[in-house]
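Trainee: Next come a sequence and a model predicted from it.
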Amino acid sequence: MSEPAWLLTRFYHTVINCRDLDESVAFFRKLGFDVLNDRRHVTWPAFVAGLFGLKRARGRGVLMVLPSDPDGPMLDLLEWLEPKAEFPDPSKVGETVPRILAFRTQNVRAAYDDLSRQGVRFAQPVHTPEQALGVVGTVCCYDPNGNIIEMIELEPGVRHSRANEALSHNGKP
């Protein structure tokens, strides 16, 4: 079997569509992100529409990164001016499947306390599952665009929750 001629090398960035770019930048700053590149006043070249399979594309953007992971994946916050992006209906929270971004977090309980004091809305307080999962705690808040931001703290040395192992022992999480 021959080697492939190409491969994906790393996760680069994810686009988060924003109702209000400035409000979203302020929210992600609360989570500890820094602005890497401010593109609020850049005129998008015509080829951008074709890249995304659109007839036209115009917007404002800001690239953000975690200072603790400067070469890691970026958040590309975009406020679409043309065409306009659609967002979940806030009155239907709890009734529609959410869009979720998950972040490994150091001291998830302190994050919950601090962000709650700053007015960030959470789905519920920090959840601490049984120890077999390898999860210290997890909590989810809402960004200004209706996305869920999951913050998860894992036991030292754990790459992901041990859901398979924990469920196979007792049949419940």
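Mentor: That came through fine.
Trainee: The helix or strand harbouring residue 102 pairs with which strands?
Mentor: With elements taken from DSSP states H and E, the one containing residue 102 is strand 100-104. Strands adjacent to strand 100-104 in the sheet, as given by DSSP bridges, are strand 148-154 (parallel).
Trainee: Helices of the protein, residue ranges please.
Mentor: When secondary structure is read from DSSP state H, the chain shows helices at 21-30, 47-51, 108-117, 163-170.
Trainee: Output those helices as JSON lines; include the columns mean pLDDT and distance to residue 89.
Mentor: For every residue, glycine as well, the C-beta is placed using N, CA and C. As requested, the helices of the chain are arranged in JSON lines below (pLDDT from 0 to 100; distance: least, C-beta to C-beta, whole Å):
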{"stretch": "helix 21-30", "mean pLDDT": "98", "distance to residue 89": "18"}
{"stretch": "helix 47-51", "mean pLDDT": "95", "distance to residue 89": "27"}
{"stretch": "helix 108-117", "mean pLDDT": "98", "distance to residue 89": "24"}
{"stretch": "helix 163-170", "mean pLDDT": "67", "distance to residue 89": "31"}
